[in-house]
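>>> Would you be able to build a 3D model of this:
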Amino acid sequence: MNTPATKISEIEHNWQIIDVKGKVLGRAATEIAQKLIGKGKKNYVRNLDCGDNVVVVNAAHFIVTGRKNKQKLYGNYSGYPGGLKQKALWQVRQEKPTEPIRHAVWGMLPKNKLRDRLVTRLYIFPEADHPYKDKFSK
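Residues are numbered from 1 along each chain as shown. The predicted model follows:
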(Lines give C-alpha, C1' and ligand atoms only; values in the text may rest on other atoms or scores of the structure.)
Protein backbone atom coordinates (compact mmCIF):
# COMPACT_ATOMS: atom_id res chain seq x y z
CA MET A 1 0.00 0.00 0.00
CA ASN A 2 1.48 3.32 -1.09
CA THR A 3 0.91 6.73 0.43
CA PRO A 4 -0.68 8.98 -2.19
CA ALA A 5 1.45 11.91 -3.33
CA THR A 6 0.35 15.37 -2.28
CA LYS A 7 -0.87 17.50 -5.17
CA ILE A 8 -0.71 21.29 -5.34
CA SER A 9 -4.51 21.45 -5.56
CA GLU A 10 -4.82 19.63 -2.20
CA ILE A 11 -2.70 22.16 -0.30
CA GLU A 12 -4.61 24.62 1.86
CA HIS A 13 -2.94 27.74 3.27
CA ASN A 14 -4.59 28.52 6.60
CA TRP A 15 -3.93 31.56 8.79
CA GLN A 16 -1.97 31.31 12.04
CA ILE A 17 -1.41 34.06 14.60
CA ILE A 18 1.59 34.05 16.94
CA ASP A 19 2.06 36.45 19.84
CA VAL A 20 5.77 36.80 20.64
CA LYS A 21 5.37 39.06 23.66
CA GLY A 22 7.71 37.72 26.35
CA LYS A 23 9.04 34.88 24.15
CA VAL A 24 12.70 34.27 23.42
CA LEU A 25 13.66 35.36 19.88
CA GLY A 26 15.08 32.05 18.65
CA ARG A 27 12.32 29.89 20.06
CA ALA A 28 9.63 32.11 18.57
CA ALA A 29 11.43 32.13 15.20
CA THR A 30 11.54 28.32 15.20
CA GLU A 31 7.80 28.12 15.79
CA ILE A 32 7.12 30.68 13.05
CA ALA A 33 9.40 28.92 10.54
CA GLN A 34 7.76 25.54 11.12
CA LYS A 35 4.32 26.99 10.48
CA LEU A 36 5.53 28.77 7.31
CA ILE A 37 7.08 25.54 6.02
CA GLY A 38 4.04 23.44 7.00
CA LYS A 39 5.92 20.73 8.89
CA GLY A 40 3.00 20.09 11.25
CA LYS A 41 0.59 19.18 8.45
CA LYS A 42 -0.19 15.62 7.55
CA ASN A 43 0.22 16.28 3.81
CA TYR A 44 3.65 17.94 4.15
CA VAL A 45 6.15 17.38 1.37
CA ARG A 46 9.41 19.27 1.27
CA ASN A 47 9.35 20.15 -2.43
CA LEU A 48 5.97 21.96 -2.31
CA ASP A 49 4.79 25.09 -0.53
CA CYS A 50 2.57 23.49 2.14
CA GLY A 51 2.80 26.13 4.86
CA ASP A 52 0.34 28.59 6.34
CA ASN A 53 0.10 32.37 6.39
CA VAL A 54 1.61 33.54 9.69
CA VAL A 55 0.76 36.82 11.42
CA VAL A 56 3.24 37.77 14.16
CA VAL A 57 2.00 40.34 16.68
CA ASN A 58 3.82 42.19 19.48
CA ALA A 59 7.09 41.74 17.59
CA ALA A 60 8.69 44.65 19.42
CA HIS A 61 8.27 42.88 22.77
CA PHE A 62 10.36 39.71 22.31
CA ILE A 63 13.18 38.99 24.74
CA VAL A 64 16.74 37.75 24.34
CA THR A 65 18.83 35.91 26.89
CA GLY A 66 22.29 36.74 28.14
CA ARG A 67 24.11 39.73 26.71
CA LYS A 68 22.78 39.38 23.17
CA ASN A 69 21.19 42.83 23.21
CA LYS A 70 24.67 44.40 23.08
CA GLN A 71 26.80 41.57 21.66
CA LYS A 72 24.69 40.21 18.79
CA LEU A 73 25.65 42.02 15.59
CA TYR A 74 23.74 42.37 12.34
CA GLY A 75 26.07 43.12 9.46
CA ASN A 76 25.99 44.16 5.84
CA TYR A 77 28.99 44.03 3.52
CA SER A 78 29.05 46.08 0.33
CA GLY A 79 31.93 44.14 -1.20
CA TYR A 80 34.31 47.08 -1.10
CA PRO A 81 37.22 47.57 1.31
CA GLY A 82 35.90 49.15 4.49
CA GLY A 83 32.32 48.39 3.41
CA LEU A 84 31.32 46.31 6.43
CA LYS A 85 28.55 47.96 8.43
CA GLN A 86 27.46 46.37 11.70
CA LYS A 87 24.77 47.23 14.22
CA ALA A 88 24.02 45.69 17.58
CA LEU A 89 20.63 44.11 18.29
CA TRP A 90 19.50 47.02 20.46
CA GLN A 91 20.18 49.47 17.60
CA VAL A 92 18.27 47.37 15.08
CA ARG A 93 15.33 47.08 17.51
CA GLN A 94 15.16 50.87 17.80
CA GLU A 95 15.14 51.44 14.04
CA LYS A 96 13.02 48.48 12.88
CA PRO A 97 11.52 46.45 15.74
CA THR A 98 10.33 43.70 13.38
CA GLU A 99 13.65 43.13 11.61
CA PRO A 100 15.30 40.74 14.14
CA ILE A 101 12.35 38.35 13.87
CA ARG A 102 12.32 38.52 10.07
CA HIS A 103 16.09 37.90 10.00
CA ALA A 104 15.86 34.93 12.39
CA VAL A 105 12.99 33.31 10.49
CA TRP A 106 14.76 33.89 7.16
CA GLY A 107 17.76 31.96 8.44
CA MET A 108 15.59 29.03 9.57
CA LEU A 109 13.79 28.55 6.25
CA PRO A 110 15.16 26.06 3.71
CA LYS A 111 17.79 27.48 1.38
CA ASN A 112 16.03 26.65 -1.90
CA LYS A 113 13.60 28.12 -4.42
CA LEU A 114 10.73 28.02 -1.93
CA ARG A 115 12.28 30.43 0.60
CA ASP A 116 11.21 33.62 -1.19
CA ARG A 117 7.66 32.32 -1.58
CA LEU A 118 7.46 31.21 2.05
CA VAL A 119 8.61 34.56 3.46
CA THR A 120 5.94 36.44 1.46
CA ARG A 121 3.33 34.80 3.71
CA LEU A 122 4.96 36.20 6.87
CA TYR A 123 3.31 39.32 8.28
CA ILE A 124 5.06 40.95 11.25
CA PHE A 125 3.55 43.77 13.33
CA PRO A 126 5.31 45.53 16.23
CA GLU A 127 2.11 45.84 18.31
CA ALA A 128 -1.08 43.81 18.79
CA ASP A 129 -3.19 45.54 16.12
CA HIS A 130 -3.07 44.21 12.54
CA PRO A 131 -5.29 44.39 9.43
CA TYR A 132 -5.91 40.61 9.21
CA LYS A 133 -8.43 40.33 12.07
CA ASP A 134 -11.13 39.09 9.69
CA LYS A 135 -9.06 35.96 8.94
CA PHE A 136 -9.24 34.86 12.61
CA SER A 137 -12.88 35.66 13.41
CA LYS A 138 -13.92 32.02 12.91
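
>>> if I look at the residue nearest in space to the middle of the chain, how far off is residue 6?
By CA atoms, centre = their mean, the mean C-alpha position of the chain lies nearest to residue 105, the distance being 3.6 Å. As defined by CB to CB, to the nearest Å, residue 105 lies at a distance of 24 Å from residue 6. To be clear about C-beta, it is placed using only N, CA and C from the backbone, and glycine gets the same treatment.

>>> Please apply the same query to residue 53.
19 Å.

>>> show me where this protein has strands.
15-19, 53-57, 73-77, 84-88, 122-124 (DSSP state E).

>>> Packed most tightly, which of the ones you listed would that be?
strand 53-57 (a mean of 21; mean count of other CB atoms under 10 Å).

>>> orientation of it relative to strand 15-19 in degrees?
20 degrees (axes from the mean of the first three to the mean of the last three CA atoms, to 10 degrees).

>>> Strand 53-57 packs against which elements?
Contacts defined by 3 or more CB pairs under 8 Å, 6 or more residues apart in numbering; DSSP states H and E place strand 53-57 against strand 15-19, helix 25-37, strand 122-124.

>>> List the contacts of residue 71.
88, 89 (CB atoms under 8 Å, 6 or more residues apart in numbering).

>>> Need the per-residue pLDDT for residue 136.
Residue 136 carries a pLDDT value of 83.

>>> Distance-wise, check it relative to residue 118.
For residue 136 relative to residue 118 (CB to CB), the value is 20 Å.
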